[in-house]
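# Provided below for reference: sequence and predicted model.
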Amino acid sequence: MSGLDANTKLLIHADGQDGGKEIIDSGATGHIVTQVNDAALSTAAKKWGSTGLTLDGDGDYLTIPTSTDFNILDTAKTNVTMECWAKWNGTGLGYLAERSDGSRTHMTWYLYDSSGTQKVAFQGYQSGNVYNLDTGDQNFDFTQWHHYAFIKVGSVSGLYVDGVQYAYVSDSTDVADITAVLYIGSSSTPSSYFNGYIDEFRIQESNVYSANPNSTPDDTITVPTSAHTSDANTKLLLHMDTHDVSGDGGSGTYHIPTFVGTAQIDTDVKKWGTGSLQFDGDSDYLTIPDSDDWNVFGSTSDSWTIDFWVKHTDHAGTEFYICQVEDASNRWQLFHVHGSGLRFTALTTGSVTVQTPFGGEITDTDWHHIALIKVGSAYAIYKDGSQVSYLSDGSSDTYAGSLYLGAYFTPSLYLNGYMDEIRIQNDNIFNVTVAASDPSGDWMDNTGSNLGTITVPTGAYSYDAPSGLYIPRVMVI
């Protein structure tokens, strides 16, 4: 269904690979990618798309579990292309990728920069030297983006930089079975960490560029001018893009979530799409850096909608869904208290300025749609389409602080359950009249009409051209 346009400030569908965090393998297999230490996504690091992988050279890398998809020197695989874009700021060895069984069998792809010598190299070993390609002393400027490719066509292989072949080897020795994790940005020790950026890392079981590696060498390939697309021969494809797709609606802004603890994508449990965010109630949450896109409480004249699906695993105490926190005295938050229900509050300099009544307690483990809608100075909470709380308050404030999903900022008050289709919209996207309560408890507007309902979404949000009625701000997918 529609619900993503230029006003969408956050949209997280929570789709991806089971156990995944930020980086999703878009290849045919769908491998699980684990970010180690400070390996992160950055809008400053990208070659294509919304973000790229940034590594600080001090213990950061990616790992992907062992798979025959990565046995690129297996003679049963006639054609293989391994490629990426990279921008390196290091010296010595900087590993693009390595697999090693801990003895004499491994595959290594690295950059080398020492004493005026800059080269790209690929080595493959099984009980001795099998493959050994390097570009020689070409003096590449590694601090600029370059396209690197290792291409095997039958028993010959070539090494390419920016479309130009610099190295060649002819060897039909079989290196069929390396049972080892794939490391990206580090050796498998781990060590020789990559200091810089990597984008569009792909392993393709085909000669995707129709390359013709030769001994002269004088072959060329066409350098990609955009992000790759996947087909049945794509064994690994890492766009290094973030989960937030709010920019797809025209805002041009992508927010980068950080997964803390074991917070992850779970493909077994979801409301829409392929997965949901899983939180275990014991130290798991997501953070997203400070942005004006979180100024939900910033004005008494505008409208905001925060909505998502939630499924509780248990019911105990207070569990936070989403909050923006500058410090303990300045924050807004939407949460659930078992025994009481849903509540939205905002604090300024330690004083509660907005606090809706409790309502709509969740007592089961089913999926529920939750929405906080602000229209001017009126606030309402909706559970499964029905209004359960109301407050009118003329206060406003803005906070400089991160957004938290699944926990309070200390951190504490963790959510034990799942969230899906998390969206922050700078508009009254459900076009609702926020209604006050009459003595009978029905939610009414000032004309006596019962307007306390919204239409519950019946699918995942998708882009809809701006109609002038609403503008989404953030969607997390």
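Sure thing, it's come through.
# and the closest residue to Asp56 other than its chain neighbours, how many neighbours?
Spatial nearest neighbour of Asp56, chain neighbours left out: Asp38 (5.7 Å); criterion: Cβ to Cβ, 6 or more residues apart in numbering. The C-beta positions use only the backbone N, C-alpha and C, and glycine is treated the same way. Asp38 is flanked by 13 other residues according to other Cβ atoms under 10 Å.
# make sure Asp38 is actually in contact with Leu62.
No. Asp38 is not in contact with Leu62 according to Cβ atoms under 8 Å; the separation is 11.8 Å.
# check the residue nearest to Asp56 and give its pLDDT.
The per-residue pLDDT reported for Asp38 equals 79.
# contacts only, for it.
In this structure, Asp38 makes contact with Leu55, Asp56, Asp58, Gly59, Asp60, judged by Cβ atoms under 8 Å, 6 or more residues apart in numbering.
# check Thr78 too.
So Thr78 contacts Val153, Gly154 (Cβ under 8 Å, 6+ apart).
# do the same with Asp307
Shown in contact with Asp307 (Cβ under 8 Å, 6+ apart): His369, Ile370, Ala371, Leu372, Glu421, Arg423, Gln425, Ile429, Pro457.
# the same query, at a cut-off of 7 Å, please.
Contacts for Asp307 (Cβ atoms under 7 Å, 6 or more residues apart in numbering) come out as His369, Ile370, Ala371, Arg423.
# just checking, what packs against the helix or strand hosting the second one?
Right, Ile370. Under the criterion of DSSP states H and E, Ile370 resides in strand 367-375. The contact analysis (3 or more Cβ pairs under 7 Å, 6 or more residues apart in numbering; DSSP states H and E) places strand 367-375 against strand 303-312, strand 378-383.
# what packs against the shortest one?
Taking 3+ Cβ pairs under 7 Å, 6+ apart as the contact definition, the neighbouring helices and strands of strand 378-383 are strand 341-348, strand 367-375, strand 386-392.
# so in terms of bridging, what pairs with Thr34?
Thr63 (DSSP bridges).
# could you report the neighbour count for it?
There are 16 residues near Thr34, going by other Cβ under 10 Å.
# so where's the stretch 151-300 of the chain uncertain?
Within the stretch 151-300 of the chain, the stretches with pLDDT under 70 are 176, 242-243, 245-254.
# so which residues of it form strands?
Using DSSP state E, counting those that start in this stretch, the strands of the stretch 151-300 of the chain run over residues 156-161, 164-170, 182-184, 195-204, 234-238, 258-260, 264-266, 276-280, 285-288.
# which one of the ones you listed lies closest to Tyr131?
strand 164-170 (5.7 Å; Cβ to Cβ).
# what's the angle from that closest one to strand 156-161?
Calculated by axes from the mean of the first three to the mean of the last three Cα atoms, to 10 degrees, strand 164-170 forms an angle of 160 degrees with strand 156-161.
# residues making contact with strand 164-170?
131-136, 138, 155-160, 213-215, 217-220.
# just the buried ones out of those, please.
Tyr131, Leu133, Asp134, Thr135, Val156, Ser157, Gly158, Leu159, Tyr160, Pro213, Pro217, Asp219 (16 or more other Cβ atoms under 10 Å).
# out of those residues, the closest to Gln144 would be?
Closest to Gln144, out of all of these and judged by Cβ to Cβ, is Thr135, at 15.4 Å.
# domains for the protein, by residue range?
According to automatic domain parsing, the chain comprises the domains 23-241, 258-476.
# any idea how far Val354 lies from Thr91?
Remark: distance between Val354 and Thr91 (Cβ to Cβ, to the nearest Å) = 54 Å.
# looking at these two now, which is surrounded by more residues?
Val354 (21 against 15).
# close enough to count as contact, the more buried one and Ser395?
Yes. With contact defined as Cβ atoms under 7 Å, Val354 and Ser395 form a contacting pair (5.9 Å).
# contacts only, for Val310.
Neighbouring residues of Val310 by Cβ under 7 Å, 6+ apart: Tyr321, His368, Ile370, Gly417, Tyr418, Met419.
# how about the helices in the chain?
In the chain, no segments count as helices under DSSP state H.
# give the buried residues for stretch 184-197.
Within stretch 184-197, the residues scored as buried using 16+ other Cβ under 10 Å are Ile184, Gly185, Ser186, Ser187, Ser188, Pro190, Ser192, Tyr193, Phe194, Asn195, Gly196, Tyr197.
# can you check stretch 278-296 too?
Across stretch 278-296, burial judged by 16+ other Cβ under 10 Å covers 278-281, 284-288, 291, 293-296.
# swap in stretch 175-182?
For stretch 175-182, using 16+ other Cβ under 10 Å, the buried residues are Val175, Ile178, Ala180, Val181, Leu182.
# ends of that stretch, how far apart?
15 Å (Cα to Cα, to the nearest Å).
# do the same with stretch 29-45
Stretch 29-45 has an end-to-end distance of 26 Å (Cα to Cα).
# that one: how far from the chain's middle?
8 Å (Cα atoms, centre = their mean, to the nearest Å).
# what does stretch 134-152 give?
Centroid separation for stretch 134-152 versus its chain: 28 Å, with Cα atoms, centre = their mean.
# what about it, start to end distance?
From the first residue to the last, stretch 134-152 extends over 14 Å; the measure is Cα to Cα.
# and the strands of the stretch 151-300 of the chain as JSON lines, adding distance to His338?
Below are these laid out as JSON lines (distance: least, Cβ to Cβ, whole Å):
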{"stretch": "strand 156-161", "distance to His338": "59"}
{"stretch": "strand 164-170", "distance to His338": "63"}
{"stretch": "strand 182-184", "distance to His338": "43"}
{"stretch": "strand 195-204", "distance to His338": "44"}
{"stretch": "strand 234-238", "distance to His338": "40"}
{"stretch": "strand 258-260", "distance to His338": "23"}
{"stretch": "strand 264-266", "distance to His338": "22"}
{"stretch": "strand 276-280", "distance to His338": "16"}
{"stretch": "strand 285-288", "distance to His338": "19"}
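# residue contacts, His228?
His228 sits next to Glu200, Arg202, Leu237 when contact means Cβ under 7 Å, 6+ apart.
# phi and psi next, for it.
When read as degrees, to the nearest 10, the backbone of His228 gives phi -70, psi 160.
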